[in-house]
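Visitor: the sequence and its predicted three-dimensional model are supplied below.
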Amino acid sequence: MNWKLFIARRIYKSDEGGKEVSKPAIRIAMAGIAIGLAVMIISVAVVIGFKHQVRDKVVGLSSDILVTSMDEAQSYQTTPVVANDSLVHVLQTVPSVSHVQRYATKPGMIMTSDNFQGMVLKGIAQEYDTNFLKEHLLEGEIPSFTDSTASNEVVISKTIADRLSLKVGDKLYTYYLEDNIRARRLTVAGIYQTNFSAYDDLFLITDLYTVVRLNNWKRDQVGGVEIEVSDYALLEQINEDIRGLLNEKTDCYGSVYYSRTVEEVYPQIFAWLDLLDINVWVILILMVGVAGFTMISGLLIIILERTNMIGVLKALGADNTSVRKVFLSFSVMLIRKGMLWGNVVALLFCLLQYYFRIIKLDPATYYVDAVPVELNVVVWLLLNAGTLIVSVLMLVGPSYLVSRIHPAKSIRFE
């Protein structure tokens with residue numbers, strides 16, 4: 001039997017190493033490990049959840065990749081491109097492309113008897129994936145929009161509905177400025193809320209046919225094509241494949257195709273999300289440092305209190321390395337107990353937040369209405385393994401204190 005591990009267990013089981021002086025130090029050390037690990041797990045879970053929710057919301061409102069005209073202006077009124085069946089088929093054959101859908105936009109204004117509101121009318125066709133809109137639909141329904149007939153129905157955001165005092169079934173008048181003012185009367189079929197202010201403040205959803213007609217485009221022209229991918233990790237590679245097929249090629253009306261990823265369309269949002277990674281690394285380093293130094297202080301106090309025992313072990317023939325292993329093994333037992341409590345606290349918080357959404361956020365600022373959490377098993381295991389390894393490595397240096405303890409003096413030590 002490994003006598004070093006046996007002695008470490010006996011020390012651990014004797015009321016957790018416990019003389020009166022070392023008990024508080026040991027408890028503080030374990031609390032430091034528990035709090036540090038809990039904060040790390042919660043921080044990483046919140047950042048992963050936040051990044052995924054915001055990214056999924058941005059992708060859901062547009063798509064993973066957009067194919068538009070090279071001459072597209074910085075406004076919502078885009079230069080059209082041809083998106084016929086042959087183009088859609090070509091895009092669908094690109095590896096890892098899961099869905100292709102057409103859209104068009106038209107800026108305009110909504111007017112009621114006592115108010116008005118600027119807006120962007122977005123037209124979608126029958127192939128459009130409406131799952132995201134359905135997930136965020138508050139009232140009404142999503143009509144079956146097509147590219148061949150005018151539905152005269154529209155889905156508006158709760159923000160616009162509140163500003164203009166509209167509800168499902170109401171009629172609203174929209175106006176569009178061309179050579180002369182054009183008007184369309186639409187019926188509110190549904191009300192959605194994404195908490196993404198850049199979208200909720202502006203967009204109305206209707207059929208593609210109506211928007212193409214308002215823009216005076218040809219039947220085969222659209223504002224762009226939205227492309228969904230099956231693996232977001234391959235986004236850049238898929239975009240390069242699409243660029244190889246389309247970029248700098250012109251349609252029959254002279255428009256040049258150009259593809260962009262969602263990260264290129266919304267660089268500010270994704271740059272902001274990337275900054276969160278830096279915050280996480282700062283938290284991880286600080287928490288590991290705090291946990292490690294509390295364990296160092298606890299170990300030093302334990303070694304000093306066990307000076308007499310160290311002297312006896314050395315007198316019986318134990319060398320410095322063996323005695324160090326005794327205290328390092330004892331420290332690992334304390335670290336594991338602290339990590340156990342840290343995991344319990346972190347998992348309990350994550351479950352409570354996930355199911356009950358206890359901590360709320362301002363959706364106008366953060367795009368979500370509650371702190372999101374997402375536990376990744378691989379990351380969770382890495383955090384636990386990293387905490388254990390780093391904490392033990394930080395204790396290796398202080399454990400050399402036992403080599404300075406002489407048997408003759410230490411046995412008489414009180």
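Guide: That came in fine, so what should we check first? Numbering: from 1, shown residues only.

Visitor: so the closest residue to Ile160 other than its chain neighbours: helix, strand or coil?
Guide: Leaving out its chain neighbours, the residue that sits closest to Ile160 by C-beta to C-beta, 6 or more residues apart in numbering is Gln117, at 5.9 Å. (C-beta placed from N, C-alpha, C; glycine too.) For Gln117, the assignment made with DSSP: H, G, I helix; E, B strand; the rest coil gives strand.

Visitor: would you confirm that Gln117 contacts Met109?
Guide: Yes. Under the criterion of C-beta atoms under 8 Å, Gln117 makes contact with Met109 at 6.9 Å.

Visitor: which of those two has more residues huddled nearby?
Guide: Gln117 (20 against 15; other C-beta atoms under 10 Å).

Visitor: so who does that one touch?
Guide: Met109, Ile110, Ile160, Arg163, Leu164 (C-beta atoms under 8 Å, 6 or more residues apart in numbering).

Visitor: and for Glu226?
Guide: Ser62, Ser63, Ile65, Leu66, Val100, Gln101, Arg102, Tyr103.

Visitor: counting neighbours, which of these comes out on top?
Guide: For those, neighbours tallied by other C-beta under 10 Å; top is Ile65, 29 neighbours.

Visitor: for that one, what are its contacts?
Guide: Glu226, Ile227, Val229, Leu235, Ile238, Asn239, Ile242, Ser259, Arg260, Thr261, Val262.

Visitor: looking at these, which are in helices?
Guide: Residues of the contacts of Ile65 located in helices (DSSP state H): Leu235, Ile238, Asn239, Ile242, Val262.

Visitor: the last one and Leu133, how far apart?
Guide: This points to Val262. 17 Å (C-beta to C-beta, to the nearest Å).

Visitor: comparing the two, which residue is more hemmed in?
Guide: A direct count of neighbours by other C-beta under 10 Å for Val262 and Leu133 places Val262 higher, at 24 against 18.

Visitor: list the buried residues for whichever strand or helix holds Lys23?
Guide: Remark: Lys23 resides in helix 22-61, with elements defined by DSSP states H and E. For helix 22-61, the neighbour count (16 or more other C-beta atoms under 10 Å) marks 22, 25-26, 29-30, 32-51, 53-55, 57-61 as buried.

Visitor: who does the lengthiest strand in the chain touch, helix- and strand-wise?
Guide: Counting by DSSP state E, the longest strand found in the chain is strand 97-111. For strand 97-111, the elements it packs on are helix 85-92, strand 116-124, strand 171-177, helix 208-214, strand 221-222, strand 224-229, judged by 3 or more C-beta pairs under 8 Å, 6 or more residues apart in numbering; DSSP states H and E.

Visitor: cutoff 6 Å now
Guide: With contacts defined as 3 or more C-beta pairs under 6 Å, 6 or more residues apart in numbering; DSSP states H and E, the packing partners of strand 97-111 are helix 85-92, strand 116-124, strand 171-177, helix 208-214, strand 224-229.

Visitor: distance check, Thr159 against Asp170.
Guide: Applying C-beta to C-beta to Thr159 and Asp170 gives a distance of 16 Å.

Visitor: neighbour count for the two, which is higher?
Guide: Thr159 (21 against 14).

Visitor: name the element that one belongs to?
Guide: With DSSP H and E as the criterion, Thr159 is inside helix 158-164.

Visitor: which of the residues in that helix are buried?
Guide: Lys158, Thr159, Ile160, Ala161, Leu164.

Visitor: quick check: mean pLDDT of it?
Guide: Mean pLDDT, helix 158-164: 94.

Visitor: again with stretch 269-286
Guide: 90.

Visitor: mind saving the C-alpha coords of it as PDB?
Guide: Below are the C-alpha coordinates for stretch 269-286, written out as PDB (Å, rounded to 0.1, in the frame of the first residue of the first chain):
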ATOM      1  CA  ILE A 269     -22.000  43.100 -33.300                       C
ATOM      2  CA  PHE A 270     -19.500  40.300 -33.900                       C
ATOM      3  CA  ALA A 271     -16.600  42.500 -32.800                       C
ATOM      4  CA  TRP A 272     -18.500  43.200 -29.600                       C
ATOM      5  CA  LEU A 273     -19.100  39.500 -29.100                       C
ATOM      6  CA  ASP A 274     -15.400  38.700 -29.600                       C
ATOM      7  CA  LEU A 275     -14.500  41.200 -26.900                       C
ATOM      8  CA  LEU A 276     -16.400  39.000 -24.400                       C
ATOM      9  CA  ASP A 277     -13.700  36.400 -24.800                       C
ATOM     10  CA  ILE A 278     -11.100  38.700 -23.400                       C
ATOM     11  CA  ASN A 279     -13.300  39.400 -20.400                       C
ATOM     12  CA  VAL A 280     -13.600  35.600 -19.800                       C
ATOM     13  CA  TRP A 281      -9.900  35.100 -19.900                       C
ATOM     14  CA  VAL A 282      -9.400  37.900 -17.400                       C
ATOM     15  CA  ILE A 283     -11.900  36.300 -15.100                       C
ATOM     16  CA  LEU A 284     -10.300  32.900 -15.500                       C
ATOM     17  CA  ILE A 285      -6.800  34.100 -14.700                       C
ATOM     18  CA  LEU A 286      -8.000  36.100 -11.700                       C
END
